[in-house]
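**Student:** here is the input, now give the coordinates:
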Amino acid sequence: MSGVAGWYGKLPALGDFASRRLTPEWITQWDGWLAAGLHQLRVDAPDTWLNDYLASPAWRFALLPGALPDGPGEGLRVGVMIPSVDRVGRYFPLVVISPPLPRPNDGAQVAALWQWAGQIEEIAVNALHEDWSAETLDAALTDAPPPAAAAPDRSLPPALANLLSQAAWDGLQGCSLWLHAGGGPSVQPALPQGAAFAALFRPN
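**Tutor:** Residues are numbered from 1 along each chain as shown. A predicted model of the protein is given here:
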């Protein structure tokens, strides 16, 4: 992977949204999806949504081509989304996401992307828990190594390895895949909507 992961959302050290290395078009689509879904959570469960949001897991995800169009040449993107908040108490997730990537050719390449997502997840969690500035987060992402060319297949969760077998891959175009430490994977057409969106923000 060439380039550094981009990011968008809220940080506890900042008073508003911030982003790096993501196009305005990409941010508009991502922000619109999240804002609409979070609004519906507040409407459906006004007394419990915030506790659920704060207890929700860090999600590793993959956006396959067509899941979130971003202009010509958009490829696979791998990222992490975690619940966050800004300095004045407005809640909105932080997403850290790769530049467009070529399709993995085998399980070893998928495993390498999975391991990279774990490294990015650790950086994102540290940014929240340690009140990093935007500059500190950006420096950590810049210093993070890119995905290895390959990693042992056994490092993949079995369900993910089965899902991303070569035979299944072609049927996933336009989908998004979501997985966290306590469960998954979940495969959604495009981005999660309705009950599938709500499931992203429930405790483990």
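
**Student:** do you know how far Asn105 is from Gly37?
**Tutor:** To Gly37, Asn105 is 33 Å away according to C-beta to C-beta, to the nearest Å. All C-beta spots, glycine's among them, are computed from the backbone N, C-alpha and C.

**Student:** equivalent analysis for Asn126, please.
**Tutor:** Applying C-beta to C-beta to Asn126 and Gly37 gives a distance of 26 Å.

**Student:** higher neighbour count, these two?
**Tutor:** Shown here are Asn126 and Gly37; by other C-beta atoms under 10 Å, Gly37 has more neighbours (18 against 14).

**Student:** that one touches Phe197, doesn't it?
**Tutor:** Yes: with contacts counted by C-beta atoms under 8 Å, Gly37 reaches Phe197, the gap being 4.2 Å.

**Student:** please, where are all the strands along the chain?
**Tutor:** In the chain, the segments counted as strands under DSSP state E are 6-9, 18-20, 59-63, 77-82, 94-97, 175-180, 183-189.

**Student:** of all residues in this structure, which one is nearest the centre?
**Tutor:** Val80 (3.0 Å; C-alpha atoms, centre = their mean).

**Student:** ok, residues contacting stretch 185-199?
**Tutor:** 33, 37, 40-41, 44, 66-68, 157, 159-160, 163, 172, 174-179, 200 (C-beta atoms under 8 Å, 6 or more residues apart in numbering).

**Student:** give me the buried subset of those.
**Tutor:** For the contacts of stretch 185-199, a burial check counting by 16 or more other C-beta atoms under 10 Å picks out 33, 37, 41, 67-68, 160, 163, 172, 175-179, 200.

**Student:** just give me how far the lengthiest helix in the chain sits from the chain centre.
**Tutor:** Using DSSP state H, we find that the single longest helix of the chain is helix 107-129. Centroid separation for helix 107-129 versus its chain: 10 Å, with C-alpha atoms, centre = their mean, to the nearest Å.

**Student:** list the helices and strands it packs on?
**Tutor:** Counting contacts by 3 or more C-beta pairs under 8 Å, 6 or more residues apart in numbering; DSSP states H and E, helix 107-129 is packed against strand 59-63, strand 77-82, strand 94-97, helix 134-143, helix 158-163.

**Student:** among these, which comes closest to Pro24?
**Tutor:** strand 94-97 (14.9 Å; C-beta to C-beta).

**Student:** buried ones in the closest one?
**Tutor:** Across strand 94-97, burial judged by 16+ other C-beta under 10 Å covers Leu94, Val95, Val96, Ile97.

**Student:** can you redo these as CSV with distance to Lys10 and pLDDT?
**Tutor:** Below are those laid out as CSV (distance: C-beta to C-beta, whole Å; pLDDT from 0 to 100):
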residue, distance to Lys10, pLDDT
Leu94, 6, 98
Val95, 10, 98
Val96, 13, 97
Ile97, 15, 95
